[in-house]
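Student: Below: sequence and its predicted model.
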Amino acid sequence: MSVDGPEDRTPGRSPRSLWRSSGNSGARAGGRSSLFGAGRRRWDNIIPLVAAILAVILAAFAVLAQKRFLSQSDATIVGSTYSTNSAPSAASTTKPSFPHLVHTIGHSFTSNGAEADSVAKLLGASWAHTTSGVGGESARAIAARAGAIPWDLHPEGGRIPASGKVEVALYQDGQPFPSEETWPLVGNGAGENTRGTGQNNEGISGILGNLAGVNGRLLIDRPAGTVRLTKHLEGDRYYFERESPGDVVDVEAAPFLPSYGPSQVDGVVLISAARNSLPRSDISDVIATVDKIIGTIPSDRWLVLAEWSEFPVTSDAGNKVADYNDQAKQHWGDHFVDTYTFAREEGMAYLKLAPTAEDVQDIAEGKIPRTLQLEDHLHPNQRGYDVIARAVVDQMVKLGFAPSGA
């Protein structure tokens with residue numbers, strides 16, 4: 001932002017040159033010379049003073065302009081208070097390329113784009129939204145798609161051919177990918193505003209990425225008659241297909257790095273990755289996996305969102321989700337948004353809705369009121385997404401990720 005200085009009013013000639021060219025002489029001229037000699041000396045003393053005052057004024061305007069820019073444009077990260085020894089270090093000096101972008105990473109809460117869309121709408125027309133969410137995925141599967149814990153692909157025959165595709169076996173952390181985990185390209189995640197997931201359930205698009213320096217995509221071939229959202233089957237076959245012909249590459253195994261990894265995740269990143277792992281994994285392991293996802297984000301403009309549960313908090317399943325939210329809040333501090341508590345305790349009031357008898361019962365059991373959920377009593381409906389968005393935007397403002405008043 002530039003600040004225009006005062007208009008330059010300096011005349012073409014100094015007062016001294018004006019009087020010298022007056023053409024007057026004699027006593028009258030001598031009187032004027034005597035009178036204005038002192039005036040010239042006073043003027044010579046005033047000019048530096050005026051110049052100094054103008055310099056101070058211009059400097060003040062520049063400082064105010066810079067402060068106004070930082071407060072109204074969130075192109076610079078301001079006010080982050082994240083500081084947890086066990087979590088990854090945040091790249092707070094890195095500015096996002098698209099500061100007015102909300103991007104979601106995670107499971108089914110994010111896959112249809114409604115969460116990011118609801119947040120962006122609260123922030124204003126200048127904000128865009130994208131998602132790389134895929135329904136049904138575990139934290140480790142999400143981490144693999146983010147390039148945080150990559151799938152290791154073992155090409156058949158130990159080589160990538162000069163063209164076409166080759167069947168590959170999937171490993172992770174040196175072990176065959178567990179059958180009970182969420183396998184790639186079997187989840188639901190091809191929403192209108194997805195960025196780079198590049199997948200559908202027939203495996204036509206696959207997942208774009210790089211294997212041993214070769215650009216291509218990971219594909220799946222499923223048994224005939226397989227319906228959408230079917231979990232991993234013994235008959236599933238995975239392939240790596242080259243983007244373009246090239247040299248044969250001999251490689252026993254190499255990590256597959258999705259192309260939408262850290263290069264395309266930008267703006268303010270919202271993470272919902274734990275829910276599908278909690279039934280079978282230790283909370284500490286899930287948090288460590290989410291930390292690895294955070295490590296792929298190119299700036300410190302990220303938030304981890306609380307997980308929701310369809311079970312009463314007194315049940316084992318409901319209590320584990322509540323425990324995760326408590327530990328997550330302690331672990332990530334101000335970078336954690338407790339959307340679960342906000343929705344349960346304040347969601348209906350925020351929307352100015354009177355709770356039904358069923359809502360009252362849900363709240364008493366430590367659950368989200370069903371007015372904010374789909375019929376499965378887990379996933380948010382649009383009212384639920386509106387409540388989530390309010391909690392998220394409030395935290396974004398607190399951390400300086402969005403301007404005040406959003």
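Tutor: Good, I have the coordinates.
Student: nearest residue to L233 other than its sequence neighbours?
Tutor: In this structure, L233 finds its nearest non-sequential neighbour in P223, 6.1 Å apart by C-beta to C-beta, 6 or more residues apart in numbering. In this view, the C-beta of every residue, glycine as well, is placed from N, C-alpha and C.
Student: Count the residues that sit near that neighbour.
Tutor: Counted with other C-beta atoms under 10 Å, the neighbours of P223 add up to 11.
Student: residues contacting it?
Tutor: By C-beta atoms under 8 Å, 6 or more residues apart in numbering, the contact list for P223 reads L233, G235, D236.
Student: Could you dump the residues you listed into a markdown table and include pLDDT?
Tutor: A markdown table is the format used below for those (pLDDT from 0 to 100):
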| residue | pLDDT |
| --- | --- |
| L233 | 85 |
| G235 | 88 |
| D236 | 89 |
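Student: Check those residues against H129 and report the nearest one.
Tutor: If you rank the contacts of P223 by distance to H129 using C-beta to C-beta, D236 comes first, at 31.8 Å.
Student: Tell me the backbone dihedrals of that closest one, please.
Tutor: phi -70, psi 140 (degrees, to the nearest 10).
Student: what's around G216, how many residues?
Tutor: The local packing of G216 (other C-beta under 10 Å) involves 23 other residues.
Student: Double-check that it belongs to a strand.
Tutor: Yes - judged by DSSP: H, G, I helix; E, B strand; the rest coil, G216 forms part of a strand.
Student: I figured it was touching N210, is that so?
Tutor: Yes - taking contacts as C-beta atoms under 8 Å, G216 lies within contact range of N210: 7.5 Å.
Student: Touching, A274 and E307? I think so.
Tutor: Yes - judged on C-beta under 8 Å, A274 makes contact with E307 at a distance of 5.3 Å.
Student: What about the contacts of P223, which one has the most neighbours?
Tutor: D236 (19 neighbours).
Student: What residues of stretch 121-134 count as buried?
Tutor: Using 16 or more other C-beta atoms under 10 Å as the test for burial, stretch 121-134 gives K121, L122, L123, W127, A128, H129, T130, T131, S132, G133, V134.
Student: ok, back up a step: give me the common contacts of A274 and E307.
Tutor: Here A274 and E307 have Y324 as joint contacts, going by C-beta under 8 Å, 6+ apart.
Student: Break down the stretch 151-300 of the chain into its helices, ranges please.
Tutor: Using DSSP state H, counting those that start in this stretch, the helices of the stretch 151-300 of the chain run over residues 283-294.
Student: quick one: low-confidence ranges for it?
Tutor: Applying pLDDT under 70 to the stretch 151-300 of the chain flags the ranges 187-205, 228-230, 260-264.
Student: Need the buried residues of stretch 121-134 in JSON lines (columns: pLDDT, distance to P255 and secondary structure).
Tutor: Converted to JSON lines, the buried residues of stretch 121-134 look like this (pLDDT from 0 to 100; distance: C-beta to C-beta, whole Å; DSSP: H, G, I helix; E, B strand; the rest coil):
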{"residue": "K121", "pLDDT": "95", "distance to P255": "37", "secondary structure": "helix"}
{"residue": "L122", "pLDDT": "95", "distance to P255": "38", "secondary structure": "helix"}
{"residue": "L123", "pLDDT": "95", "distance to P255": "36", "secondary structure": "helix"}
{"residue": "W127", "pLDDT": "94", "distance to P255": "34", "secondary structure": "coil"}
{"residue": "A128", "pLDDT": "90", "distance to P255": "30", "secondary structure": "strand"}
{"residue": "H129", "pLDDT": "89", "distance to P255": "29", "secondary structure": "strand"}
{"residue": "T130", "pLDDT": "85", "distance to P255": "24", "secondary structure": "strand"}
{"residue": "T131", "pLDDT": "84", "distance to P255": "24", "secondary structure": "strand"}
{"residue": "S132", "pLDDT": "83", "distance to P255": "18", "secondary structure": "coil"}
{"residue": "G133", "pLDDT": "85", "distance to P255": "22", "secondary structure": "coil"}
{"residue": "V134", "pLDDT": "84", "distance to P255": "19", "secondary structure": "coil"}
